[in-house]
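Engineer: Structure of the sequence below:
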Amino acid sequence: MPAADSHRPLVLTPTEDIRGFLTLHLGRAALFLVTCTSVLAVFLIFLFVIREALPFLAKFSIKEFLTSTAWYPEAVTPKFGTLALLVGSGYVTVVSIIFAVPVGILAAVFLSDIVSMKIRNIIKPIIEILAAIPSVAYGFFAVMVLAPWMQQKFGFSTGTNALNASLVLAVMALPTIISVSEDSISAIGRELREASYGCGATRMETIFKVVIPAAHSGIIAGIVLGMMRAIGETMVVWMASGNAAQIPSPWWDLSQSVRTLTATIAGDMGETEKGSPHYRALFAAGLLLLVITLCLNMVSEYFLIRAKKAGGKH
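Structural biologist: The predicted structure is shown next:
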């Protein structure tokens, strides 16, 4: 006899019982296999990069690799210093986050607490479409539109510089920061807001002193994801940063050209002989980038855990 509102019988036959048991466990096994495949793929990528980089790390000085600014892989006496490349990556990432974070958080607050749901449902998909635009399209915009405008407006000697790349990376990071932050702020619920209004707080005080602090863990997650997008971007920094392996002097002068680790790997890999010192050095630079990304993820996870614990105490 079937159960009410269901085609499933109350009493299963042995065959149906075995079929259900097998279906349940086969489904779990399939999901577990998919998860393990993803983890295994990442692990194999790490192993491959480490294997290709080890001959370089065993032959050349790691100290010179990390502290020298001379990157001349095709010279008679090749030099493989990545300090200028690291500084260039840091410049465009930090500056882009400085531009993107205030705009992203304010846009998330605007979508969650100020505009109506109807307008939000129109604006948010438009913002998320920015993440679907190919990075090469952003690069063309930076080179063909933004670079000449900077030269004409500010008198820069070159429009392909650290500021150009940082502005475009900030736009690319905005959809991630806005989407994740807005979801986190919306998840706070009406109760906390109404309690703040009940205590006499204004709308601005409620947003900046109650809502944003309560949603800080999700906001931090959005910022970290946006930062990962900026530090891992290749095409835009390759086209818009100027590709000069130098440390800007003075340090705050963003009108100078820089070169990043990702742009160096993308630009040089297709022109190097497999197994050459230059080839191995590019894999060592890739390994360095993987280590930096891993460390940033670990630091972000540490602060997210602390934020969750602090939120639980309240």
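Engineer: Val211: neighbour count?
Structural biologist: Around Val211 sit 21 other residues, with neighbours defined as other C-beta atoms under 10 Å. Placement of C-beta: from N, CA and C, glycine included.
Engineer: Let me know whether it touches Leu192 as I believe.
Structural biologist: Yes: with contacts counted by C-beta atoms under 8 Å, Val211 reaches Leu192, the gap being 7.0 Å.
Engineer: What does the pLDDT read for Ala307?
Structural biologist: Model confidence at Ala307, given as pLDDT, is 58.
Engineer: That should have said Arg8, apologies.
Structural biologist: Looking at Arg8, its pLDDT is 58.
Engineer: And Arg19, by the same measure?
Structural biologist: Listed pLDDT for Arg19 reads 75.
Engineer: same deal with Val49?
Structural biologist: At Val49, the model reports a pLDDT of 91.
Engineer: What is the helix or strand where it lies packed up against?
Structural biologist: Remark: Val49 resides in helix 14-59, with elements defined by DSSP states H and E. Helices and strands touching helix 14-59, by 3 or more C-beta pairs under 8 Å, 6 or more residues apart in numbering; DSSP states H and E, are helix 277-313.
Engineer: Swap in 10 Å and give it another go.
Structural biologist: For helix 14-59, the elements it packs on are helix 62-67, helix 277-313, judged by 3 or more C-beta pairs under 10 Å, 6 or more residues apart in numbering; DSSP states H and E.
Engineer: Taking helix 277-313 as reference, get the angle to it.
Structural biologist: Compare the direction of helix 14-59 with that of helix 277-313 by axes from the mean of the first three to the mean of the last three C-alpha atoms, to 10 degrees and you get 130 degrees.
Engineer: Now do helix 14-59: distance to the chain's middle.
Structural biologist: Taking C-alpha atoms, centre = their mean, to the nearest Å, one finds helix 14-59 lying 24 Å from the centre of the chain it belongs to.
Engineer: same question, stretch 224-234
Structural biologist: Here stretch 224-234 is found 3 Å from its chain centre; the criterion is C-alpha atoms, centre = their mean.
Engineer: Kindly tell me how buried Pro213 is, as a neighbour count.
Structural biologist: When neighbours are defined as other C-beta under 10 Å, Pro213 has 13 of them.
Engineer: And for Pro134?
Structural biologist: When counting by other C-beta under 10 Å, one arrives at 9 neighbours for Pro134.
Engineer: so who does it touch?
Structural biologist: Contacts were defined as C-beta atoms under 10 Å, 6 or more residues apart in numbering; by that measure Pro134 touches 140, 235.
Engineer: if we can go back for a sec, out of the helices and strands packed on helix 14-59, deepest packed?
Structural biologist: Each of those was scored by mean neighbour count; the highest is helix 277-313, a mean of 15, by mean count of other C-beta atoms under 10 Å.
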